[in-house]
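Engineer: build me a structure from this.
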Amino acid sequence: RSSAVGTVQASQAIKTLWHMATSYGAESKFGYRNLIISAVSNFSTAYNLVIINIVHVIIQFQYCGGGDKCKPAVDEASTACLAGAICGQLIFGYVGDCLGRGPALRLTMALSIFGALVSAFAVPLDGNDAETVFQFLTITRFLLGVGVGGVYPLAATISAEGSSQSDRGRNTSLVFSMQGVANLLAPLIAWILLIMCGIPKAGEGGKDLGSSWRIALGLGAL
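Structural biologist: Below is the predicted model:
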C-alpha cells in the first residue's frame, strides 16, 4: 500500500514539475527557487527516514549475526530519529518566526547533513560490545531527526508564501509529493549499493567495512 502511495505521489510531482518548467516566467524565478529548495529538503527528509530502516537490517546482520539478537538496540536507534523529528517540528516553527524561514531552513538542513554524515562513520562505542554501534546511531540519528522534523513546517510555509494564491495549493502538494519520490528511490538505492559493494558477512563486525550501508546513510547528506 505504501509503495502505491509513493508511486502516486511521485507521478504527481513529475506532472507538477513539468507544468512549472513550461509555464513559469522570469518574474517567478525567486519563488521557483524557494519551491525547489523546499522540495529537495522534503526529498532529503523522506530519504533519511526510510533508508535507516533498511540499513538497520544490514547493520544488525553484520554486527549481531542477524535475527533479533540486537532488537532492543535497533528499536532504540529507530525511535531516536522519530523522537528527534517530533522535537524539530515543535521547535523550528518558532525558530523560523524568530530568525526567518530561510535561515531556519538552512539550520535544519545543516543538522540533517551533519547527522547523516556522522551516521555513515558509525562504530561500536564499546570495542567489546558490537551492539553499541546502535548507541552511536541513536545519538547521530536523533540529531538528524531534529533537522528532519524542522523541515516539515518550514518547507510548507516557504512554498506557500513564495507562491501566488492560484498556485499555492499545487506548489505545496509538489513539495510534499517529493516524499513519495524518496520512498521509491531509497530501497532502490540500497539494493544497487548491496549489488555493487556486497553484503557484509554475518557477525563480522568491524572486520567488514560495510561500504553499502555507510554510503546509503552518507547519501542522506546530499
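
Engineer: distance of the residue nearest the centre of the chain relative to Pro72?
Structural biologist: The residue lying closest to the centre of the chain (CA atoms, centre = their mean) is Asn48, at 2.2 Å. Going from Asn48 to Pro72 by CB to CB, to the nearest Å gives 22 Å. Bear in mind the C-beta positions are built from the backbone N, C-alpha and C, glycine included.

Engineer: repeat for Arg214
Structural biologist: Distance from Arg214 to Pro72, counting by CB to CB: 23 Å.

Engineer: isn't the residue nearest to the centre of the chain right up against Ser112?
Structural biologist: Yes. Here Asn48 reaches Ser112: they are 6.5 Å apart, a contact under CB atoms under 8 Å.

Engineer: if I look at these two, which residues touch both of them?
Structural biologist: 144, 148, 220 (CB atoms under 8 Å, 6 or more residues apart in numbering).

Engineer: export those to CSV and tack on neighbour count, pLDDT and secondary structure?
Structural biologist: Output for these, formatted as CSV (neighbours: other CB atoms under 10 Å; pLDDT from 0 to 100; DSSP: H, G, I helix; E, B strand; the rest coil):
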residue, neighbour count, pLDDT, secondary structure
Leu144, 32, 91, helix
Val148, 31, 87, helix
Gly220, 26, 87, helix
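
Engineer: all helices of this protein, in order?
Structural biologist: Ranges of helices in the chain, per DSSP state H, are 2-23, 29-64, 71-99, 101-119, 133-161, 168-197, 211-218.

Engineer: which one, of these, ends up nearest to Leu125?
Structural biologist: Checking the helices of the chain against Leu125 by CB to CB gives helix 133-161 as the closest, at 5.2 Å.

Engineer: between that closest one and helix 101-119, how many degrees?
Structural biologist: Per axes from the mean of the first three to the mean of the last three CA atoms, to 10 degrees, the angle that helix 133-161 makes with helix 101-119 is 160 degrees.

Engineer: for helix 133-161, name the packing helices and strands.
Structural biologist: helix 29-64, helix 71-99, helix 101-119, helix 168-197 (3 or more CB pairs under 8 Å, 6 or more residues apart in numbering; DSSP states H and E).

Engineer: shaky segments in the protein?
Structural biologist: Along the chain, segments meeting pLDDT under 70 span 1-32, 67, 160-168, 203, 206.

Engineer: at 50 what do you get?
Structural biologist: Where the chain drops to pLDDT under 50, the residues are 2, 18, 20-27, 30.

Engineer: re the thing from before, any idea how far Asp68 is from the residue nearest to the centre of the chain?
Structural biologist: According to CB to CB, Asn48 stands 24 Å off from Asp68.

Engineer: how about the nearest residue to Trp214, chain neighbours excluded?
Structural biologist: For the record, residue 214 is Arg, not Trp. Nearest non-adjacent residue to Arg214, counting by CB to CB, 6 or more residues apart in numbering: Ala120, 4.6 Å away.

Engineer: go on, Ile113?
Structural biologist: Nearest non-adjacent residue to Ile113 (CB to CB, 6+ apart): Ala221, at 4.4 Å.
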